[in-house]
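Colleague: everything below, folded, please.
(2 chains)
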Amino acid sequence: MDVVANGVGGVLSKSESHPDRAFFRDAVEQLTDRLYSTALRLTRNHADAEDLVADSLALAWTNLSQLDDRQAFAKWVFRILVNTYMSSRRRMRNEARVIVEEASGQPFSIFDKLHQPFLLWWSNPEQELINKLLREDIERALNKLPIEYRAVIVLVEIEGNSYADVAAILDVPIGTVRSRLSRGRSLLQKQLWRQAKAAGILGDTEPEHNT
Amino acid sequence: MSNGSDHFDDIDCRLVIADLFPYLDNEVDAEKRSLIERHLNGCQGCHARAEFERALRSKVQQLGGSKAPPSLRRRIAAMLNRK
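Modeller: As a prediction, this is how the structure comes out:
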């Protein structure tokens, strides 16, 4: 039997290691950018995102034998990524409780705050606000969301996963994905509204009777 | 939340607003999609709301698409060559 040395001084059977390594390498090649993009939105900085992806893939490689269905590799790896991040956050325990409590209030809608039906043809205050929002405004607002809401918005809106796939990744019911999305979007819009107000860019768009 | 256009016979504004995000997420079935699109084509208020949420969603989507740095790809390759 051919053998190859592994890094810790032991040996692996060459016939066992090559097919798994080839599969893993090819599968990960397709996913690396998406994994990094997701990790960046979760961790909010480049160094942590790189560590998160590297650590998650190390875990996945070590536990590859636990994956029954290789068609589900992507979902499985994303689940490891999100779980690894959630576990590290639970150890840190520094969530802002204020934002979580606000999540149980009325849904917030920028459209409802700004839209004026009778001005439709010559004024569009809600679209004017969108036009004024910069990438960093959106990023700052998203970064403020508690992780359970940020994760679903990242996975659905940014990475384009279906509700079913996100439910599998997070290991929660689809109903939980829907409700977290709903609350997450409300929180995101509320945060954008606050930022816009603080920056003074609502001055000429916000109608007096809506303040 | 009335848009003054509750006379559409198939589906009213409240139902469209309630399902607007699942519709934009492509998570409604074909029948509901058809009902919602028909309503949006005829209701200025709901059309404006959908356009706004699409525009905001597009801005959020621009946060994605980051490329993995070469250092990360090297780390992954090294890991696979090691074990």
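Colleague: could you use CA atoms for every contact and neighbour count after this?
Modeller: Noted.
Colleague: what about chain A, any weak spots by pLDDT?
Modeller: Scanning chain A for pLDDT under 70 picks out the ranges A:1-17, A:91-105, A:119-122, A:203-211.
Colleague: nearest residue to the middle of it?
Modeller: A centroid search over chain A (C-alpha atoms, centre = their mean) returns residue A:154, at 2.8 Å, as the residue closest to the centre.
Colleague: need the contact list for the residue nearest to residue A:173 when sequence neighbours are not counted.
Modeller: Nearest-residue entry for residue A:173: residue A:167, 5.7 Å, with adjacent residues in sequence omitted and distances by C-alpha to C-alpha, 6 or more residues apart in numbering or on different chains. When contacts are counted by C-alpha atoms under 8 Å, 6 or more residues apart in numbering or on different chains, residue A:167 touches A:173, A:174, A:176, A:177.
Colleague: list the buried residues for stretch A:190-203?
Modeller: Buried positions in stretch A:190-203, judged by neighbour count with 16 or more other C-alpha atoms under 10 Å in any protein chain shown: A:190, A:191, A:192, A:193, A:195, A:196, A:201, A:202.
Colleague: ok, so of those, who is nearest chain B?
Modeller: residue A:192 (10.5 Å; C-alpha to the nearest C-alpha).
Colleague: touching, that closest one and residue A:141? I think so.
Modeller: Yes. Contact criterion C-alpha atoms under 8 Å: residue A:192 and residue A:141 qualify, at 5.8 Å.
Colleague: what's next to stretch B:18-25, contact-wise?
Modeller: Contacting residues not belonging to stretch B:18-25 are listed as A:156, A:157, A:162, B:28, B:33, B:36, B:50, B:54 [C-alpha under 8 Å, 6+ apart].
Colleague: give me the number of residues near the closest residue in space to the first one that isn't next to it in sequence?
Modeller: Read it as residue A:156. With sequence-adjacent residues excluded and distances taken as C-alpha to C-alpha, 6+ apart, residue A:156 is closest to residue A:162, at 6.4 Å. Neighbourhood size, residue A:162 [other C-alpha atoms under 10 Å in any protein chain shown]: 17.
Colleague: what sits against residue A:162?
Modeller: Contacts for residue A:162 (C-alpha under 8 Å, 6+ apart) come out as A:156, B:25, B:27.
Colleague: enumerate every residue touching the first one.
Modeller: The contact partners of residue A:156, by C-alpha under 8 Å, 6+ apart, come to A:162, A:163, A:166, B:25.
Colleague: what's the closest of those residues to residue A:89?
Modeller: residue A:166 (19.3 Å; C-alpha to C-alpha).
Colleague: just the buried positions in the host helix or strand of the closest one, please.
Modeller: Using DSSP states H and E, residue A:166 sits in helix A:163-170. Of the residues in helix A:163-170, A:163, A:165, A:166, A:167, A:168, A:169, A:170 count as buried by neighbour count, 16+ other C-alpha under 10 Å.
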